[in-house]
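Undergrad: Test case, fold it:
(chains A and B)
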There are 2 protein chains.
Amino acid sequence: MSPAAAIAALCVLAAQPVAPSDAARITGEALRGESHRILSDLTDRVGARLAGSPGADAAVLWAVEWFRTQGIPVRVEPVLVNHWVRGEERAELIAPKGGRPQPLAVTALGMSAPTPPGGLAAEVVEVRSLEEVAALGVKVKGRIVLFQHDMKDASGYGKSAGLRMRGPAAASRQGAAAALVRSLSTASFRLPHTGTTFFPPGERAIPAAALAVEDAELLHRMLARGPVTVRLVLGGRLADPPLAPSANVVAEIRGAEKPDEVVVIGAHLDSWDLGTGAIDDGAGVAMVLDTMRIAASMPRPPRRTLRAVLFMNEENGAEGAVAYHEASLAAGTRHVAAMEADSGAGRPTGIEVTAGQGGVAAVRAMAAPLAALGASEVVVGGGGVDISPLAYAGVPFLSVAQETSRYFDWHHSAADTFDKVDPRALAEATAAFAWMAWALADSQAVLPSQPAPKQPPWWNRASP
Amino acid sequence: MSPAAAIAALCVLAAQPVAPSDAARITGEALRGESHRILSDLTDRVGARLAGSPGADAAVLWAVEWFRTQGIPVRVEPVLVNHWVRGEERAELIAPKGGRPQPLAVTALGMSAPTPPGGLAAEVVEVRSLEEVAALGVKVKGRIVLFQHDMKDASGYGKSAGLRMRGPAAASRQGAAAALVRSLSTASFRLPHTGTTFFPPGERAIPAAALAVEDAELLHRMLARGPVTVRLVLGGRLADPPLAPSANVVAEIRGAEKPDEVVVIGAHLDSWDLGTGAIDDGAGVAMVLDTMRIAASMPRPPRRTLRAVLFMNEENGAEGAVAYHEASLAAGTRHVAAMEADSGAGRPTGIEVTAGQGGVAAVRAMAAPLAALGASEVVVGGGGVDISPLAYAGVPFLSVAQETSRYFDWHHSAADTFDKVDPRALAEATAAFAWMAWALADSQAVLPSQPAPKQPPWWNRASP
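TA: Down below sits the predicted model:
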């Protein structure tokens, strides 16, 4: 038997003593649907929660109050966040050859600079990659760069998101006046989908907006007819001062046997401002909160400490992730596993794990009670922005894979609202999440550490 | 043989002499897809065409120019239209019990009155029928009436549209401050769907807006928690003067044998202002125009005159329909059939006919060449707002039934844009339309007259 196989076998054995009746109790409790009621409360009563906004402040108070009502010890962890504020925003196709002006549906990207008060007007240059912007060189100077892409389904997000994240900075480096990014959307309902964009320190921030899919296609067609000029008015900007005080919300159920070993389960409390952040990431918050409620209702606490962290500003700076990581380092926290719920409210389809050798086999044993939910298949993968710093300490990651076929229809748009969430699907995802969290906190052994990431830490780098 | 059966048999015989090779030629020409190019030109270069707006004026010039380019005689028929102008519009849920303010996605209904400049704020009363408003009596006074409904698919439009059309006037009669109507939509993408509303002469117009489906559901949930107050700002109003000069566009291919017998084919040139009116009714305009292009390209003209009418302001007053009807009466025009294309750009599923006894059988014979398109089934039905006055003269109506499962996802919203149109489906609908128009104009006999409508003419009544 190889050392790796021996570890795997040990992990399987170690995982099995988790009582099967616990699984039935936990999943049964989750399937009662409290997650949906929590989400209704967050989205209807608090609403949008852009970091630095009154909505985000209200969400912190709401979460603290929720944990207090449940009798679960809770604290806030101060975080300074980017204080970016949306302003007036509109755009118009002007003076197309042989055509009439037409309004364009735009919304500023997070961290966009404002246009001059009256807006700016410039010719549009269309590109499909960062390399193409660089290759165009001076032809981009003074222009509005339009980033086109062909995102068709959820699998295309990773590739196209780079255009939104780094396209405006690439355009800025060539002297562009502004950038428009075709919305990263799998639906066409004339809705711009926002999201953050990144200007490295010292680079000139320019006005940058998401454009509705329809309008990106209109500009493409009009460019085939001749030069196209767009007028853009964006008021969104960093506030003065550019950072605002905010907080992560941290709640714990102390472990009975090994309280210093921490299983952290996280979601992000902030959301974009256009909708009410129901799928991104109200659903994750509801899954984490309901998991804590269920764990607190068990006849005994788990062996290890189960810690919920509601991170602040995953969307527009991820300062909450960094703050939690640094506070953990300072406190010498021993994380034995981390789970992040930030994949919407779809039903669970399996479990993803990033750990050392034998990790998949160990998690497979833990996940067996999820077979009835169709969520017991275990594959390598998972993680999330907010727990990503913990990878550098080798902390194993575990995620619930969820159905996401419609996630990017609504993601970061005004249509990310409560009605998009199917109560049964969310309850099932919560059941899978709650059971895996409990299993990690209560099993005899811990998962093997994940290998060190190849990329240097993003939070010390000039680019995310 | 009964007289009716004899007529039917005669009509079938009469219809058959239409040359089958004409059908192949006409449908083949339509399937080349010129309709899609016409639609691209109208939506990209002219764009939105609300009656009374510069876009509508541009559309009239565009259509005249199109006919001229085709060498088809064309004229404009002056029409005075409601000159309603959209203004600023926004709404906010304020002061909900235990909750935070939230923005609501609204858009004024056509013919809405404006709010005071700073807007108005009032408690919301939710109703589901016109009867419920009347029954509430003084409880409605000073309130904002919210009209809820459960439209789920295209078949629900007819029922729910009454709330949009007559709900605001019903609320006004009870002293309401304003009305909100849940959007008549089969999709939920935070888009309000506009449409006209009707205030009978002498009734007080009040501010009236469509509300996104999501926000109608939000208000419903918040009302279950306690009183709900909404602030509404609507700038949309009738201009001064309230009527603007505009025009129908009328083009003709003169019949070779019976030029005084007219087959009229129509669509409406105006559109709502939020999108570019691609499915409503740019598609219909493209079908009518391509039909004329194809008819003009035939080796010989049809026996009867084929007349295209692009009606003005079907959406917000239907003055174009009335003007055409009155001009026809004055001229003593002998219409032998009327077709209206105003059901979007979906593929054809059959033919609908409203005529006297024997009409269905006669049309069935004409429609036989459409079997390959799946469009040869003939049922009773069809018609349209713009040709409806001709019913009182007994003019038979014929329509192409089209696939409409997604039509109300986009209808009257900002998402009614060119990209929603499948070129092949539009070409097939055009093929069916063009062939039936030619068959009506070229057959030996005419269809039997439709019986007189039971309802009095809408254009002389206080209510549409």
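
Undergrad: so what secondary structure elements neighbour the longest strand seen in chain A?
TA: Secondary structure of chain A per DSSP state E: the longest strand is strand A:237-253. Applying 3 or more CB pairs under 8 Å, 6 or more residues apart in numbering or on different chains; DSSP states H and E, we find strand A:237-253 packed against helix A:54-70, strand A:74-85, helix A:283-296, strand A:304-311, helix A:319-331. Every C-beta, even on glycine, is put in place using the N, C-alpha and C of the backbone.

Undergrad: Nearest to the spatial middle of chain A, which residue is it?
TA: A:D342 (5.1 Å; CA atoms, centre = their mean).

Undergrad: how about the helix or strand following the longest strand of chain A: buried residues?
TA: Following strand A:237-253 in sequence order, the next helix or strand is strand A:258-268 (DSSP states H and E). Within strand A:258-268, the residues scored as buried using 16 or more other CB atoms under 10 Å in any protein chain shown are A:E261, A:V262, A:V263, A:V264, A:I265, A:G266, A:A267, A:H268.

Undergrad: ok, A:G226 - contacts?
TA: A:P96, A:K97, A:G98 (CB atoms under 8 Å, 6 or more residues apart in numbering or on different chains).

Undergrad: where's the longest helix along chain A relative to the chain centroid, distance-wise?
TA: Among the segments of chain A that qualify as a helix by DSSP state H, the longest is helix A:423-442. Remark: helix A:423-442 is offset 19 Å from the chain centroid, using CA atoms, centre = their mean, to the nearest Å.

Undergrad: orientation of that helix relative to strand A:237-253 in degrees?
TA: Between helix A:423-442 and strand A:237-253, the angle comes out at 60 degrees (axes from the mean of the first three to the mean of the last three CA atoms, to 10 degrees).

Undergrad: For helix A:423-442, the averaged confidence score.
TA: For helix A:423-442, the mean pLDDT works out to 98.

Undergrad: That helix near chain B at all?
TA: No: using CB under 8 Å from any CB of the partner chain, helix A:423-442 stays clear of chain B, coming no nearer than 13.4 Å.

Undergrad: Could you find the closest non-adjacent residue to whichever residue of the stretch 101-250 of chain A sits closest to chain B?
TA: Here the residue of the stretch 101-250 of chain A nearest chain B is A:F189; by CB to the nearest CB that distance is 3.6 Å. The shortest distance from A:F189 to any non-neighbouring residue, by CB to CB, 6 or more residues apart in numbering or on different chains, is to B:F189 (3.6 Å).

Undergrad: right, and the secondary structure at that neighbour would be what?
TA: coil (DSSP: H, G, I helix; E, B strand; the rest coil).

Undergrad: Would you quantify the distance from it to B:D290?
TA: 31 Å (CB to CB, to the nearest Å).

Undergrad: Next to chain B, which bits of the stretch 101-250 of chain A? Give me the list.
TA: Residues of the stretch 101-250 of chain A lying near chain B (CB under 8 Å from any CB): A:101-102, A:105, A:187-191, A:213-214, A:217-218, A:221-222, A:225.

Undergrad: Tell me which stretches of the stretch 101-250 of chain A form helices.
TA: A:130-136, A:157-173, A:213-225 (DSSP state H, counting those that start in this stretch).

Undergrad: Next, count neighbours for A:V322.
TA: 19 (other CB atoms under 10 Å in any protein chain shown).

Undergrad: so what's it up against?
TA: A:P389, A:W459.

Undergrad: please redo it, this time with the cut-off set to 6 Å
TA: A:W459 (CB atoms under 6 Å, 6 or more residues apart in numbering or on different chains).

Undergrad: What pLDDT is listed against it?
TA: pLDDT at A:V322 comes out at 97.

Undergrad: Could you report the neighbour count for A:P73?
TA: Counted with other CB under 10 Å, A:P73 comes out at 11.

Undergrad: which non-adjacent residue is nearest it?
TA: Here the residue nearest A:P73, using CB to CB, 6+ apart, is A:E252, at 5.6 Å.

Undergrad: Dig out what the one you found forms beta bridges with.
TA: For A:E252, the beta-bridge partners under DSSP bridges are A:R307.

Undergrad: you'd agree it is up against A:R307?
TA: Yes: counting by CB atoms under 6 Å, A:R307 is a contact partner of A:E252 at 4.8 Å.
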